[in-house]
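Student: Whatever this is, show me its structure:
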Amino acid sequence: MTAVVPSSAQPQELEAHLVGEPVSATSCGRVYAAQINYLLGHAVQHVCATRLHALTASTTAQDIPIQWRPSPGCRVAMLRVDLQNTSNVNLTGRVVTGRRRSTLALTLPAGAARIDVGGTSRMDGATSLPQQDVLRAARNASYYALIDLGAAGSVADQIHDLTITVAGYSTDQHTGVAVVTLTEIPVATLRPETGEVGILTPAIDPRTDLHDGDSSIGTSVPELLTGEQDAAIKVREHWQIATYEDTTQAWSTTSAAIAAINWVGSVGNAYSPIHRLRVRAIHGTSAASPAAFTLRVRYYSTDAGTLRVVKSPVGAGATANHDMNLPSSGGAWTALADATLTLRADGTDQEIDLEFQAQIDSGTLYISSIAIIQTETA
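Tutor: Next up is the predicted model:
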């Protein structure tokens, strides 16, 4: 028997089960998408902040290498370079009428480009940049540039070398760089529809079919899981130290046995610095499940050598060594990566102390950069 359709909404069986908010695209699915997009595009990396020693005044150009594996959601990074102190050109009492000048130049990864901050060139290798005024406590010789990574996929997903070159301007001598800082800039939004990482908010809308068996569809459950995986393993922790890539300024050793590195300056090889960092607990804090990292070194040698990393989890007691074999670089600066370094997160506050030592079979081993970059694969 037919029935007349009611003209107004009728009580439903599920009405009694409603709580504060119904499960909907706003209260559930879109929250998942927003959280994953935040981790991929906003929680990006502070790549480096390295302090360098002052040089004897010279007009000779000096290179400083920085190692960087960009986060998948990063489109722009900010580079800051602070110049060292220098003598003033003209000084009467405490009135400075001229400071010595330097130039800064960048060598970027393929696919990246320099953006001049405020439309004014700072790191083109030609612009005159006043050096730090020795009469001021505040840093007043800081220069910035933005590094544009272009569209998604323009810069390869690998560790890249970014080189900063400092030189004297005209006849002025320089004393090098004081601090180099590279920081990835969070993005306002991610656009997966253009090839960027992230999740389209409609993809996890409850009105969309949920499925987990067809990776070619690329929505809902598969896309959610892929986004979570990318956030866990592709936003990589960076730790590194760097100096001038020059055999008279770089760190070195002539010892045929593992020993302290000559760190140049007053430290020399009389001390072996300890560096402390915090390890992400990707696999928890069990000593049996350490996090995976790539140890990458830029060095110069004419014979085979070894770089040793002495690993000491804070408060955990046990110390372990990781030895990286360095074949002869043939008398040229080269980079070598070792993807087998593991760091434990079971120390107090997940912290671990690292000490670097080295040896060379004959001659001298020079090191300009040591980087430790997270390299989880699953």
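
Student: ok so Asp349 is a helix residue?
Tutor: Yes. Under the criterion used here (DSSP: H, G, I helix; E, B strand; the rest coil), Asp349 sits inside a helix.

Student: residues in contact with it?
Tutor: The contact partners of Asp349, by C-beta atoms under 8 Å, 6 or more residues apart in numbering, come to Arg278, Val314. Where you see a C-beta, it was placed from the backbone N, CA and C, and this is true even at glycine.

Student: Could you list the buried residues of stretch 68-79?
Tutor: Within stretch 68-79, the residues scored as buried using 16 or more other C-beta atoms under 10 Å are Trp68, Arg69, Pro70, Ser71, Pro72, Gly73, Cys74, Arg75, Ala77, Met78, Leu79.

Student: Local confidence estimate at the fifth one?
Tutor: Model confidence at Pro72, given as pLDDT, is 88.

Student: same thing with the second one?
Tutor: The predicted structure scores Arg69 at 95 on the pLDDT scale.

Student: Mind pulling up the pLDDT for the residue nearest to it when sequence neighbours are not counted?
Tutor: Spatial nearest neighbour of Arg69, chain neighbours left out: Ile159 (4.6 Å); criterion: C-beta to C-beta, 6 or more residues apart in numbering. Looking at Ile159, its pLDDT stands at 95.

Student: What separation is there between Ile159 and Thr285?
Tutor: Taking C-beta to C-beta, to the nearest Å as the measure, Ile159 and Thr285 are separated by 27 Å.

Student: of the two, who's got more company?
Tutor: Each of Ile159 and Thr285 has its neighbours counted (other C-beta atoms under 10 Å); Ile159 has more, 19 against 15.

Student: Tell me who's in contact with the more buried one.
Tutor: Under the criterion of C-beta under 8 Å, 6+ apart, the neighbours of Ile159 are Gln67, Trp68, Arg69, Thr294, Arg296, Ala337, Ala371, Ile373.

Student: so can I have CSV of these showing distance to Ala257?
Tutor: Conversion of these to CSV gives the following (distance: C-beta to C-beta, whole Å):
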residue, distance to Ala257
Gln67, 28
Trp68, 33
Arg69, 33
Thr294, 26
Arg296, 24
Ala337, 25
Ala371, 25
Ile373, 29
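
Student: Flag the shaky bits of the stretch 1-150 of the chain, pLDDT-wise.
Tutor: 1-29, 87-98, 119, 135, 137 (pLDDT under 70).

Student: now the helices for the stretch 1-150 of the chain?
Tutor: If you assign secondary structure with DSSP state H, counting those that start in this stretch, the helices in the stretch 1-150 of the chain sit at 30-41.

Student: what about the strands in it?
Tutor: With DSSP state E, counting those that start in this stretch applied, the stretch 1-150 of the chain shows strands at 46-51, 62-68, 76-83, 85-86, 88-92, 95-99, 101-107, 113-116, 129-130, 132-133, 142-148, listed in chain order.

Student: Please enumerate the strands of the stretch 151-300 of the chain.
Tutor: Taking DSSP E, counting those that start in this stretch, the strands of the stretch 151-300 of the chain run over residues 160-168, 177-184, 238-242, 251-253, 259-260, 275-278, 291-300.

Student: what's in contact with stretch 268-279?
Tutor: Stretch 268-279 has contacts (C-beta under 8 Å, 6+ apart) with 237, 239, 241, 253, 259-263, 267, 290-291, 314, 343-345, 347, 349-357, 372.

Student: Enumerate the positions of that stretch that are buried.
Tutor: By 16+ other C-beta under 10 Å, the buried positions in stretch 268-279 come out as Asn269, Val279.

Student: All set, thanks.
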